[in-house]
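Engineer: using only what follows, build the 3D model:
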Amino acid sequence: MARSSVKFKDTVAAYESLSAEAAKGEFAPVYLLMGEESYFIDALSRQLASTILTEAEQAFNQITVYGRDTEAGQVVNLCRQMPMMGSREVIVVKEAQQMRGLDKLALYTAKPSPTTVLVICHKEKTVDKRSQLYKTCLSGGRVLESVRPRDYEIGSWLTQHVAARGCTIDRKALAMLTDHLGTDLSKIANELTKLLVSLPEGARRIADTDIERHIGISKDYNNFELCRAVARQDAARALTIAAHFARNPKEHPLLVTMLALFSQFRELFLLNYLRWQSRRKGVPMPGDGELMRLLRLNNPYALADLKEAAAAWDNRRVFAVLGLLREYDAKSKGLLRKDMLARGGRLDAERRVHLDLCRRRRSRTPSGCTGRYLL
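Structural biologist: Numbers count the residues shown, from 1 in each chain. Here you go, the predicted model:
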């Protein structure tokens, strides 16, 4: 199957559009909710199940079945029956990817009943877009392809998600959440819901102290603080945080820390390269808005911090650090010699990484390095 061209931002836009339609009481006869990211599938199916029928009607005219326990023919029979004491019935098929003979649903979706709303939840992968099921759902209903976000897309989505609830979130609090919870949107949304409930009445701002108090993520020992310490060349602070990470490897995986550091120095490399182009070749320096887009930053404060750090890290040093991080990443995965990890375990590895970062103040790389080295 060809790789999907749908991006995460397309998924968000499609979800918001379908959610708005449902809120206005506009419903299609068939919904095909499919893809690897379960959050949008679950959220939209819950909204549809709770808004199409009233609470009293749901007892008679709303049926939920699971793909593992049913067949396509049974679902078609349910969809063809008339609603009881109401104008509509709702059939929700969960875990449809496990259904036997799923493609046979195309016999119904080609000509759906006007009194039935069928919601097909197909997780883990997409339905074959060459199939009749997909084509009939697309032509006569609504299709949502739910794509998993990349790590750099989480921040902007979370900021918008918080804003939709009438709140704001500080940059450090945002970084703490995304570093700790990764790209699992369902987990992030659940933690955020609990956090908003726990905030004092009238509070509209989420700070790092709220994250520490209600979710249990330390505001002093996290990847955000580590990256800041390294960028400011505060060796003592960086090594203190590294030692804490080493003592708590489950909460602070080495791979996630490497990724956070690599992302920061990659941004520094790109910013310095753009400045070099402007200074040496006369290429206009992008404005702050364009820089934020190029660097995939979420707010102007992050850009201001990056500009401050770039003044202290020229690209020769940045290039050396990127190479160092790739070397230690390979060692941690066993791709190179394992003596680094063998001599002192995780604690030795953490300290060695940050000691080497601090020692790279006078690292030399070829003076002709340009944007082609950017990874």
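
Engineer: ok, and what's touching stretch 120-127?
Structural biologist: With contact meaning C-beta atoms under 8 Å, 6 or more residues apart in numbering, stretch 120-127 is reached by 1, 4, 30-36, 38, 41-42, 45, 92-97, 102, 105, 133-134, 137, 145. (Each C-beta comes from the backbone N, C-alpha and C, glycine too.)

Engineer: ok, 7 Å please
Structural biologist: 4, 31-36, 38, 41, 45, 93-97, 133-134, 145 (C-beta atoms under 7 Å, 6 or more residues apart in numbering).

Engineer: low pLDDT regions in the protein?
Structural biologist: Applying pLDDT under 70 to the chain picks out residues 1-4, 335-375.

Engineer: biggest strand in it, by residue count?
Structural biologist: Criterion DSSP state E: the longest strand present in the chain is strand 116-123.

Engineer: check which residues of that one are buried.
Structural biologist: 116-123 (16 or more other C-beta atoms under 10 Å).

Engineer: centre of the chain versus it, how much separation?
Structural biologist: Per C-alpha atoms, centre = their mean, to the nearest Å, the displacement of strand 116-123 from the mean C-alpha position of its chain is 24 Å.

Engineer: which stretches in this protein count as strands?
Structural biologist: 30-35, 62-66, 89-94, 116-123, 142-146, 168-169, 205-206.

Engineer: in JSON lines, list those along with distance to Glu55.
Structural biologist: Formatted as JSON lines, the strands of the chain follow (distance: least, C-beta to C-beta, whole Å):
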{"stretch": "strand 30-35", "distance to Glu55": "21"}
{"stretch": "strand 62-66", "distance to Glu55": "10"}
{"stretch": "strand 89-94", "distance to Glu55": "13"}
{"stretch": "strand 116-123", "distance to Glu55": "16"}
{"stretch": "strand 142-146", "distance to Glu55": "24"}
{"stretch": "strand 168-169", "distance to Glu55": "34"}
{"stretch": "strand 205-206", "distance to Glu55": "33"}
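
Engineer: of those strands, which is nearest Thr183?
Structural biologist: strand 142-146 (13.0 Å; C-beta to C-beta).

Engineer: so which elements touch the closest one?
Structural biologist: The contact analysis (3 or more C-beta pairs under 7 Å, 6 or more residues apart in numbering; DSSP states H and E) places strand 142-146 against helix 8-23, strand 30-35, helix 38-51.

Engineer: relative orientation of that strand and strand 30-35 in degrees?
Structural biologist: 10 degrees (axes from the mean of the first three to the mean of the last three C-alpha atoms, to 10 degrees).

Engineer: partner strands of strand 142-146, with direction?
Structural biologist: Strand pairing for strand 142-146, using DSSP bridges, gives strand 30-35 (parallel).

Engineer: show me how far the partner strand is from its chain's centre.
Structural biologist: 20 Å.

Engineer: residues in contact with it?
Structural biologist: Strand 30-35 is contacted from outside by 41, 44-45, 48, 109, 112, 118-122, 126-127, 134, 137, 140-147, using C-beta under 7 Å, 6+ apart.

Engineer: pull stretch 320-333 out as CSV, backbone CA atoms only.
Structural biologist: Written as CSV, here are the backbone C-alpha positions of stretch 320-333 (Å, rounded to 0.1, in the frame of the first residue of the first chain):
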residue,chain,number,x,y,z
ALA,A,320,31.3,18.9,16.7
VAL,A,321,28.6,18.4,19.4
LEU,A,322,26.2,16.9,16.8
GLY,A,323,28.8,14.4,15.9
LEU,A,324,29.4,13.7,19.5
LEU,A,325,25.7,13.1,20.2
ARG,A,326,25.5,10.7,17.3
GLU,A,327,28.5,8.8,18.6
TYR,A,328,27.1,8.4,22.1
ASP,A,329,23.7,7.5,20.7
ALA,A,330,25.3,4.7,18.7
LYS,A,331,27.2,3.5,21.7
SER,A,332,24.1,3.5,23.9
LYS,A,333,22.4,1.2,21.3
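
Engineer: list the buried residues of that stretch.
Structural biologist: Residues of stretch 320-333 classed as buried by neighbour count (16+ other C-beta under 10 Å): 320-322, 324-325, 328-329, 331-332.

Engineer: next one: stretch 218-235
Structural biologist: Quick answer for stretch 218-235 (16+ other C-beta under 10 Å): 218-219, 221-231, 235.

Engineer: now tabulate the residues you listed in TSV and tack on distance to Glu251.
Structural biologist: Shown next, in TSV, are those (distance: C-beta to C-beta, whole Å):
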residue	distance to Glu251
Ser218	9
Lys219	14
Tyr221	9
Asn222	10
Asn223	11
Phe224	14
Glu225	14
Leu226	13
Cys227	17
Arg228	19
Ala229	18
Val230	19
Ala231	22
Ala235	23
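
Engineer: report the two of the residues you listed separated the most.
Structural biologist: The widest separation within the buried residues of stretch 218-235 (C-beta to C-beta) is 21.0 Å, between Lys219 and Ala235.

Engineer: now for the most far-flung residue of the chain relative to its centre: which residues touch it?
Structural biologist: Going by C-alpha atoms, centre = their mean, the residue of the chain most distant from its centre is Met85, 43.1 Å out. Residues near Met85 by C-beta under 7 Å, 6+ apart: Phe60.

Engineer: do you know how far it is from Ile188?
Structural biologist: According to C-beta to C-beta, to the nearest Å, Met85 stands 41 Å off from Ile188.

Engineer: perfect, I'm done here.
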